[in-house]
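Colleague: after the sequence you'll find the predicted model.
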Amino acid sequence: MRNRFTVLIIGILIGAALIYFLRPNPPGWEAAQTGASSSIVSVTTPTATAPAATGAATATAAADSTLAAVKARGYLKCGVSQGLPGFSNADDKGQWAGIDVDTCRAIAAAIFGDISKIRYSPLSAKERFTALQSGEIDVLTRNTTLTLTRDTSLGFDFTAVNYFDGQGFLVKKESGITDAAGLNGATICLQTGTTTELNVADYFRTRNMTYQIVAFDRNDETLSAYEQGRCDALTTDASGLYAERLELKDPSAHIILPELISKEPLAVAVRQGDDQWEDVVRWSFYAMLDAEEFGLTSANVDDAKSTPSPEVRRFLGLDSNFGSMLGLSNDWAYNVVKLVGNYGEIFERNVGKESQLGIPRGLNAQWKRGGLMYGMPIR
Ligand SMILES: N[C@@H](CCC(=O)N[C@@H](CS)C(=O)NCC(=O)O)C(=O)O
């Protein structure tokens with residue numbers, strides 16, 4: 001009887017222990033979970049109200065902030081092309097110019113009030129994405145088309161579209177080809193690592209046209225292959241075709257076909273997960289769009305400081321603290337306009353009527369003039 005009672009007691013104790021240890025949330029589970037999530041929050045979200053963070057976590061948070069890193073380094077690192085007139089191109093003295101270069105300068109103007117504080121990394125189409133992923137550059141301002149795949153699978157976020165484009169074809173006049181239908185059976189030169197190959201495949205297949213691709217890693221190789229007659233047509237963004245044509249021995253011997261076969265919204269990319277940096281990059285560009293809408297230019301922005309217009313005064317940082325909301329000084333937008341100009345200015349001098357490319361504003365006109373350029377409200 002006593003033995004049976006002892007066995008029963010031991011059995012009850014073992015059962016209770018099993019129930020306790022095998023329950024879904026074992027001891028220490030809650031503490032471990034809380035600890036893990038709070039340390040992630042404190043590392044990636046360095047706000048004044050974040051949960052008590054350790055010194056180490058705070059240091060990591062500061063290092064993770066691209067804006068803090070750029071300020072501490074003293075210059076901005078922009079990824080640009082290896083040479084595409086109108087977008088990013090260096091002259092003999094190594095001076096960069098182009099609409100992408102000015103987009104990069106706008107960010108440096110907003111941060112430092114100084115557009116010399118920039119290092120440019122010339123990147124091929126293939127190299128550009130790893131350069132951004134690895135941290136070699138802070139921002140990619142390199143005629144890069146915003147697509148769902150690039151947005152979701154590369155670890156990037158696209159900020160603003162700085163040029164709305166579409167893909168076209170360049171052919172020799174003597175070929176007698178005057179439209180894309182005339183390309184049936186053609187050999188087409190293009191650059192690898194670009195959106196162009198898939199667009200060509202889609203376009204030709206849906207029209208039951210045959211074609212052959214000749215692809216190169218570098219732009220100069222692609223262009224010389226076209227010039228040497230290794231292909232019947234060169235394809236890329238229409239803006240690129242205007243630029244490439246100028247590099248040929250006799251530009252007037254080549255025509256751009258009328259069809260655009262795709263949408264190529266060229267946008268500025270940053271690494272995903274740094275919202276503050278994304279904001280700085282996006283609003284630096286919007287400042288140029290808003291300036292154009294306000295009629296502010298690099299030449300008149302100083303006079304505008306005496307304007308009674310409340311929205312212009314806020315834009316210039318006279319009666320606002322938008323700069324500190326972005327982690328910048330309150331004259332950030334003034335510096336963008338003063339040192340770089342408004343969007344119309346950068347368009348015309350780089351790719352528009354004041355440039356050799358002579359591209360009309362088209363889709364890149366202000367929304368009030370039938371285009372797609374729409375500055376988000378700075379208020
Ligand atoms: N927008 C397209 C094409 C971009 C692209 O790389 N285009 C070539 C041909 S215009 C280029 O910029 N080459 C200049 C270079 O590689 O430096 C994309 O994002 O894939």
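Modeller: Good, I have the coordinates.

Colleague: need the contact list for residue 341.
Modeller: With contacts taken as C-beta atoms under 8 Å, 6 or more residues apart in numbering, residue 341 has the following neighbours: 102, 288, 291, 297-298, 349. (Glycine included, C-beta is placed from N, CA and C.)

Colleague: could you do residue 71 as well?
Modeller: By C-beta under 8 Å, 6+ apart, the contact set of residue 71 is residue 111.

Colleague: could you look up the SS state of it?
Modeller: Going by DSSP: H, G, I helix; E, B strand; the rest coil, the secondary structure assigned to residue 71 is helix.

Colleague: same check, this time on residue 120
Modeller: Secondary structure for residue 120, judged by three-state DSSP, is strand.

Colleague: for stretch 97-114, buried residues please.
Modeller: Applying a neighbour-count criterion of 16 or more other C-beta atoms under 10 Å, one finds 97-113 buried in stretch 97-114.

Colleague: list the ones among these that fall in helices.
Modeller: Of the buried residues of stretch 97-114, the ones assigned to helices by DSSP state H are 99-112.

Colleague: save those residues as CSV, and put in pLDDT too.
Modeller: Shown next, in CSV, are these (pLDDT from 0 to 100):
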residue, pLDDT
99, 98
100, 98
101, 99
102, 99
103, 99
104, 99
105, 99
106, 99
107, 99
108, 99
109, 99
110, 98
111, 98
112, 98
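
Colleague: taking those, tell me the two that lie furthest apart.
Modeller: The most widely separated members of those, counting by C-beta to C-beta, are 99 and 112 (20.5 Å).

Colleague: is the ligand contacted by stretch 168-187?
Modeller: No - residues of stretch 168-187 are not located near the ligand by C-beta under 6 Å from any ligand atom, the shortest gap being 10.4 Å.

Colleague: what does that stretch contact?
Modeller: Contacts of stretch 168-187 from elsewhere in the structure, counted by C-beta under 8 Å, 6+ apart, are 188, 203-204, 207, 209-214, 226, 230-238, 241, 244-245, 253-261.

Colleague: which PyMOL command selects the buried ones in the residues you listed?
Modeller: Selecting only the buried entries of the contacts of stretch 168-187 in PyMOL, with 16+ other C-beta under 10 Å as the criterion:
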select buried, resi 188+203+204+209+211+213+226+231+232+233+234+235+236+237+238+241+244+245+254+255+256+257+260+261
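
Colleague: circling back: in helices, which of the contacts of residue 341 appear?
Modeller: With helices identified by DSSP H, the entries of those that belong to them are 102, 288, 291, 349.
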